[in-house]
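1. next comes the sequence, and after it the predicted model I'd like to discuss.
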Amino acid sequence: MVNFGIPPLRFIDPADCDTIQQGARLELPEIRAALEEGRPIIVRNVTKGRKYRMTHALSPRQVAMLLAGGLTRFLQRQWGVQQ
């Protein structure tokens, strides 16, 4: 998932998973800052007006890849290729 710029997140409280319905609209308003700072990611369930604390098990390289927008952009930056 990281290769495509999709963050694989885990619920800090696994019971929160059961409160999300199919079709729910979720927002991750400060995900970039949370990833950069290594703090929990807040996911807002706009449909139900709830917030969830999420975490991940990503390596620093995987976080950098996500912040770049995926593997292709990460490698382009590593190799100095113009986008």
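-> Structure received.
2. sec struct for the residue nearest to P40 when sequence neighbours are not counted, please.
-> Leaving out its chain neighbours, the residue that sits closest to P40 by CB to CB, 6 or more residues apart in numbering is R53, at 4.6 Å. In this view, the C-beta of every residue, glycine as well, is placed from N, C-alpha and C. On the three-state scheme (DSSP: H, G, I helix; E, B strand; the rest coil), R53 is labelled strand.
3. please apply the same query to F74.
-> Secondary structure state of F74, per three-state DSSP, is helix.
4. what's the pLDDT at it?
-> Per-residue pLDDT puts F74 at 92.
5. so how many other residues sit close to it?
-> Neighbours of F74 under the rule other CB atoms under 10 Å: 20.
6. wait, it sits on V81?
-> No - in this structure F74 lies outside contact range of V81 using CB atoms under 8 Å: 11.0 Å.
7. follow-up on the earlier one: from D13, how far out is the residue nearest to P40?
-> Distance check for R53 against D13: by CB to CB, to the nearest Å, it reads 7 Å.
8. which one of these two has more residues nearby?
-> The residue with more neighbours, out of R53 and D13, is R53; 14 against 10, by other CB under 10 Å.
9. and that one, what are its bridge partners?
-> R53 has these beta-bridge partners by DSSP bridges: I42.
10. my guess is it contacts I12. True?
-> Yes - R53 is within contact range of I12, at 4.3 Å (criterion: CB under 8 Å).
11. joint contacts of the two?
-> With contacts defined as CB atoms under 8 Å, 6 or more residues apart in numbering, the residues adjacent to both R53 and I12 are P40.
12. report the buried residues of the helix or strand of the chain with the lowest mean pLDDT.
-> Across the helices and strands of the chain, mean pLDDT, DSSP states H and E gives its lowest value to helix 71-79, namely a mean of 90. Residues F74 are the ones in helix 71-79 that count as buried (16 or more other CB atoms under 10 Å).
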